[in-house]
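Visitor: this one's structure only:
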């Protein structure tokens, strides 16, 4: 009688494979789980770096044009003296610190979000940062959102549309995944990045 030799895995071989897969999963899965968080943080770091560069260029430009920090607000039309030219556009720098205003009343051709390579063609924005209508921007790696007004720019992920999460929520640097720019800061404008909910 002919014997058929059955091929397959023994129980010990199956258990060994399962143990190896479990060990690999223990080390590999946390790394894959952090990919989204790491990419969001990297995008925000890029935004923060772009803001810092815009501030440095605006200050050098303002100083080269003879502007200086003023002790008080020069007022409406006198603010025209704090317009500078950057990349072919007018930009209003704040009289307190020579930082580009988030959105200048006078030189609003270029707002802070323009320096982040976000343009009207890629986003829907609201000019009222306290609005509960948070716009979506379909760009970069996921849904990035923008709020901006004359003083503040908030750019990040999952910006809450809850009315209680308005500019005060973000200016207090509460939990989230965003970069917060305050162009009126004294003596310096400020850029803060919050990443605890990325």
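Guide: Sure thing, it's come through. In this text, all values refer to a predicted model and were calculated from it rather than measured experimentally. Numbers count the residues shown, from 1 in each chain.
Visitor: Helices along the chain, start to end?
Guide: Listed in chain order, the helices of the chain (DSSP state H) span 11-33, 35-64, 167-171.
Visitor: Show me what the shortest one is packed up against.
Guide: Yep, that's helix 167-171 we're talking about. The helices and strands touching helix 167-171, judged by 3 or more CB pairs under 8 Å, 6 or more residues apart in numbering; DSSP states H and E, are strand 152-157, strand 177-182. Heads up, the C-betas are built off the backbone N, CA and C, glycines and all.
Visitor: got the buried residues for it?
Guide: 167, 169, 170, 171 (16 or more other CB atoms under 10 Å).
Visitor: ok, now how distant is the second one from residue 53?
Guide: Looking back up the chat, that one is residue 169. According to CB to CB, to the nearest Å, residue 169 and residue 53 sit 27 Å apart.
Visitor: Also the third one?
Guide: Taking CB to CB as the measure, residue 170 falls 22 Å from residue 53.
Visitor: Quick one, which of the helices and strands packed on helix 167-171 gets closest to residue 58.
Guide: Smallest distance to residue 58 across those (CB to CB): 12.5 Å, for strand 177-182.
Visitor: mean confidence for the closest one?
Guide: Averaging pLDDT along strand 177-182 yields 94.
Visitor: Tell me which strands that strand pairs with, and in which orientation.
Guide: strand 152-157 (antiparallel), strand 190-194 (antiparallel) (DSSP bridges).
Visitor: Looking at the ones you listed, which is nearest to residue 75?
Guide: Here strand 152-157 is closest among those (CB to CB), at 21.6 Å.
Visitor: okay, and the helix or strand of this protein with the least pLDDT?
Guide: strand 136-138 (a mean of 44; mean pLDDT, DSSP states H and E).
Visitor: Kindly state the pLDDT recorded for residue 164?
Guide: For residue 164, the model assigns a pLDDT of 52.
Visitor: how many other residues sit next to the closest residue to residue 159 other than its chain neighbours?
Guide: Leaving aside its sequence neighbours, residue 159 sits nearest to residue 145 (CB to CB, 6 or more residues apart in numbering; 4.4 Å). For residue 145, the neighbour count with other CB atoms under 10 Å is 21.
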